[in-house]
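**Student:** Make a model of this:
(2 chains, ligands or ions: 1)
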Amino acid sequence: MRDRAGPASSAVTVAEPERPQFDAIVVGAGPAGSAAALELARAGHSVALLERGPFPGSKNVYGGVVYGRILDELIPGWYDEMPVQRWVTRRQTMLLDGERSMTVDFRSQSWGRAPYNGATTYRAEFDDWLAGHAQKAGAVLVPSTVATRLLRTERGRIVGVRTDRPDGDLTAKVVIACDGVNSFLAKQAGLFPGDQAAHTTLGVKETLALPARTIDERFGVSGHEGVDIEMLGCTQGIPGGGFLYTNSDTLSVGLVLGLQGLAKSGKRPEEVLAELKRHPSIQPLVRGAELVEYSAHLIPEGGYDTMPQLVGDGLLVAGDAAAMCLAAGIWLEGVNFAMGSGMYAGRAASKALSSGDLGALREYRGLLESSFVLADHKKLRKAPELVLSERVQQRYPGLVCDLVELMFTVENPKPKPGVRKLLRASAKRNGVKMRELARDALTGLRSFG
Amino acid sequence: MAEPLRPLVVALLRWTDARARIDPLSGEVETDPRGAGPSEADRCALEHALRIAEAAAGRCVAVTLAPEPAEELLRDALACGADAVLRVDVPSWDSRVPDSGATTARALAHAIRTELGEPSLVLTGDHSADRGTGSTPAFLAAELGCAQALGLVELSYADGELLALRRLDRGRRERLAVPLPAVCSVEPAGLRLRRAALPSTLAARTATIPVVTGSVAAEPVTAHAARPFRPRAKELPPPPEADPRLRLLRLTGAHEHREPPRVVVTDDPAEAADELLEYLRGKGYL
Ligand SMILES: Cc1cc2nc3c(=O)[nH]c(=O)nc-3n(C[C@H](O)[C@H](O)[C@H](O)COP(=O)(O)OP(=O)(O)OC[C@H]3O[C@@H](n4cnc5c(N)ncnc54)[C@H](O)[C@@H]3O)c2cc1C
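**Tutor:** Residues are numbered from 1 along each chain as shown, chains lettered A, B, ... in the order given. Here you go, the predicted model:
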């Protein structure tokens, strides 16, 4: 019977291979895996890049925006060749409450020019492009192949992986697990301390087709300019948030929903999404669009405090497999963190292979700490908890909408009330104590500031 | 000592995007090479080819007439155990050359003969997933001057004899002894393409894929006139009845006896399955 990856699978004990088939095996040709394979192949090491899908990106789901700055280091001039839908020149943060919404809208035309900032891109195109670079550098891409188990020596050193193909054991000096969220390989290696369900969300997304010109008109952009909208208060009491991004001739609209909250609510994710699409602030943007794809995927949202050990004996973990997706309310960045961690994993592995001292794999953590990957996560370690808290999720959007509504409702002949008084009234109406507000503001300031 | 000539078994694989998008307004077909590959029927043909080549101590060669991105499909065939592969590239992938079974068969027959030699058996899927005429194998048999057996559901080779089973109407089957050389097309039934082992998959990743330029000696299509197709009007005499109601009934066939549709009203799966089986039996399918 075909071997399968799964929560019940465990590592297999094998004899130390005399001559490993590859210097390194990278499992998963997502952004983390391809970046790792690219670094290793460029340094002249032999690398197998295993991917369970028929081509890189075929199985991958995300919202839609890639922040490519880290690519400056990995693929200089990337923005002239990366498959881009639109360059994000307009970013909005929207708080929704009932029929109301409050939006902070920022636009910068410079984000639409080199060296750019963020771009919407389809994963089937982006991942394939990045893996193509790894292949050109010499990595051997092995598609339609699932790594099901780790191969481990009696002494506990990881020396390869078993795949779901006949005769499917593959050996190497180093294995890099970039197999995404809920990494069975990292779990098999015993690197995750406990249950991840509380720190995992479900992302669901609809891709909706609209003519490019309609998108331009509805979103106030033109040509290659695009819009990124992040939302709070749109998840019917389930901890999470929403997003809406513009591609050339499609929109990506979706939700991120806390797994446990979703299960407790008894709601179906597509129902919650359908409700979001009916909101008066969203409905005019998506009206008449044709649904071309519905997809769902897990996201590791716990951040710094929920990361596994990053280094095992002969094993490194990068990207979502190491819970490195940054999901802190106004930020949902996973691809750049995956590419960054993959690149540093590749570098650490390359150094260890060149020096012949696998102990050098431990330098991986240091590389991450001195880069944005762990620095940002460390700084924002309290952010996921704050953003997913009941107050931020259920009371603050109402508070903000009340405050703004009271401020802009003209009650002549009554004189305009002071903002402080309105804030107190709005807080009271939404069950928020001023003390809690001050405490959250301080936590927010410490995290985001 | 020269090696004895091994019978050549060719598996023809057509490269298609089974999930192509069609613009409902312009009719334009949008394909994605990354999602393209052989149809289930072609995969089945490859498995037959591998088994028959093994049984006949022959050589199995997978051939496709397709542009470069189709080489993935040939790598997969190599990984599954094909002894060799060949891509026939047509430089004139241009719209003037009609993508028809006849031109495809001509280019393939030429490439097979010149590059691989005379085949003992050519196997392919019954219908391509995109064009779907099923005519290529018939044209190919004519080009190669050999027997043809099309739309097979079973195929076996033993003691130099090729036996085939073909589906007929009303659930009947036709058993054929196919003389060789032959071109056979198979339905996607009965067999599944084997899963390639890891070592051969790895070897295939870096294998060189031989390419020949196919000669498509087809006349370019010339449009002499462009006007919409208008079927000629057919005269139908009115029904003879004088009463307009009877005439209407005659025209619509409203009161004619028909077998009523069978509505399955049970929600018990076992009962529903029994009902369905009885229906199929009644229709002669079982
Ligand atoms: C709905 C949603 C919206 C998101 N929005 C954004 C966004 O807008 N911007 C952003 O930057 N990030 C976003 N993210 C996060 C982002 O998608 C991830 O952080 C990122 O993809 C992580 O990259 P990775 O390479 O670590 O993992 P993945 O992208 O998950 O790649 C893992 C790869 O490994 C393969 N694989 C898994 N297991 C095996 C195995 N056993 N054997 C072989 N191959 C295997 C998979 O097929 C896959 O190709 C979003 C995520 C979701 C779900």
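**Student:** Not counting the longest strand anywhere in chain B itself, show me its contacts.
**Tutor:** When every strand of chain B is counted residue by residue (DSSP state E), the longest turns out to be strand B:147-158. The set of residues external to strand B:147-158 that reach it, using Cβ atoms under 8 Å, 6 or more residues apart in numbering or on different chains, is B:48, B:51-52, B:55-56, B:123, B:126, B:134, B:137-138, B:141, B:162-167, B:173, B:176, B:178-187, B:189-190. For the C-beta atoms, the positions are set from N, CA and C on the backbone; glycine is no exception.
**Student:** got it, and stretch B:181-191?
**Tutor:** Contact with stretch B:181-191 is made by B:39-41, B:43-45, B:47-48, B:118-126, B:134, B:137-138, B:140-141, B:144, B:146-155, B:162, B:164, B:167, B:178, as judged by Cβ under 8 Å, 6+ apart.
**Student:** Show me which residues of stretch A:85-105 are buried.
**Tutor:** Buried residues in stretch A:85-105, counting neighbours by 16 or more other Cβ atoms under 10 Å in any protein chain shown, are found at A:85-97, A:100-102.
**Student:** next one: stretch B:195-204
**Tutor:** Buried-residue list, stretch B:195-204, by 16+ other Cβ under 10 Å: B:Arg195, B:Ala196, B:Ala197, B:Leu198, B:Pro199, B:Ser200, B:Thr201, B:Leu202, B:Ala204.
**Student:** Now the two most distant members of those residues.
**Tutor:** Using Cβ to Cβ, the pair of these lying farthest apart is B:Arg195 and B:Leu202, separated by 14.2 Å.
**Student:** out of everything not next to it in sequence, what's closest to B:Asp76?
**Tutor:** Leaving aside its chain neighbours, B:Asp76 sits nearest to B:Ala196 (6.8 Å; criterion: Cβ to Cβ, 6 or more residues apart in numbering or on different chains).
**Student:** Helices of chain B, start to end?
**Tutor:** B:40-55, B:71-80, B:101-111, B:136-144, B:198-205, B:244-252, B:269-282 (DSSP state H).
**Student:** re the thing from before, now the buried members of the contacts of stretch B:181-191.
**Tutor:** For those, a burial check counting by 16+ other Cβ under 10 Å picks out B:39-41, B:43-45, B:47-48, B:119-126, B:134, B:137-138, B:140-141, B:144, B:146-155, B:162, B:164, B:178.
**Student:** Quick check: which element contains A:Ser252?
**Tutor:** Element membership of A:Ser252 [criterion: DSSP states H and E] is strand A:250-258.
**Student:** what's the next helix or strand after that strand in contact with?
**Tutor:** Of the helices and strands lying after strand A:250-258 in sequence (DSSP H and E), the nearest is helix A:259-265. With Cβ under 8 Å, 6+ apart as the test, helix A:259-265 has contacts from A:Ala197, A:Ala198, A:Thr200, A:Thr201, A:Leu202, A:Gln236, A:Gly237, A:Ile238, A:Pro239, A:Gly240, A:Pro269, A:Leu298.
**Student:** Could I get the contacting residues of the first one?
**Tutor:** Think A:Ala197. Going by Cβ under 8 Å, 6+ apart, A:Ala197 touches A:Leu259, A:Gln260.
**Student:** how close does it get to A:Ser447?
**Tutor:** To A:Ser447, A:Ala197 is 24 Å away according to Cβ to Cβ, to the nearest Å.
**Student:** domain assignment for the chain?
**Tutor:** This is for chain A. A:12-85+A:121-193+A:307-380, A:198-300, A:389-448 (automatic domain parsing).
**Student:** my question was about chain B
**Tutor:** B:8-19+B:28-213, B:244-282.
**Student:** which residue does the stretch 1-150 of chain B bring closest to the ligand?
**Tutor:** Residue of the stretch 1-150 of chain B nearest the ligand, by Cβ to the nearest ligand atom: B:Arg34 (13.2 Å).
**Student:** so that residue sits right up against A:Pro56, yeah?
**Tutor:** No - B:Arg34 lies out of contact with A:Pro56 (Cβ atoms under 8 Å); the separation is 9.0 Å.
**Student:** Please identify every residue contacting each of those two.
**Tutor:** Listed contacts common to B:Arg34 and A:Pro56 are A:Asp128; contacts here mean Cβ under 8 Å, 6+ apart.
**Student:** Settle it for me: which of those two has more neighbours?
**Tutor:** Neighbour tally, B:Arg34 and A:Pro56, criterion other Cβ atoms under 10 Å in any protein chain shown: the higher count belongs to A:Pro56, 30 against 18.
**Student:** give me the low-pLDDT residue ranges for the stretch 301-449 of chain A?
**Tutor:** Across the stretch 301-449 of chain A, the ranges flagged by pLDDT under 70 are A:329, A:449.
**Student:** name the helices or strands packed onto the top helix by length along chain A?
**Tutor:** Using DSSP H to define each element, chain A has its longest helix at helix A:335-355. With contacts taken as 3 or more Cβ pairs under 8 Å, 6 or more residues apart in numbering or on different chains; DSSP states H and E, helix A:335-355 sits against strand A:22-27, helix A:31-42, strand A:65-67, helix A:71-74, strand A:169-177, strand A:315-317, helix A:363-369, helix A:372-379.
**Student:** between the ones you listed, which one is nearest to chain B?
**Tutor:** strand A:169-177 (6.3 Å; Cβ to the nearest Cβ).
**Student:** can you tell me if that closest one touches chain B.
**Tutor:** Yes - Strand A:169-177 reaches chain B (Cβ under 8 Å from any Cβ of the partner chain) through A:Asp169, A:Leu170.
**Student:** Show the backbone phi and psi for A:Asp97.
**Tutor:** phi -150, psi 120 (degrees, to the nearest 10).
**Student:** Could you list everything it pairs with in the sheet?
**Tutor:** Taking DSSP bridges as the rule, A:Asp97 bridges to A:Arg100.
**Student:** For it, which residues are in contact?
**Tutor:** Per Cβ under 8 Å, 6+ apart, neighbours of A:Asp97: A:Gly233, A:Pro397, A:Gly398, A:Val400, A:Cys401, A:Asp402.
**Student:** can we see that at 7 Å?
**Tutor:** Neighbour list for A:Asp97: A:Gly233, A:Pro397, A:Gly398, A:Cys401 [criterion: Cβ atoms under 7 Å, 6 or more residues apart in numbering or on different chains].
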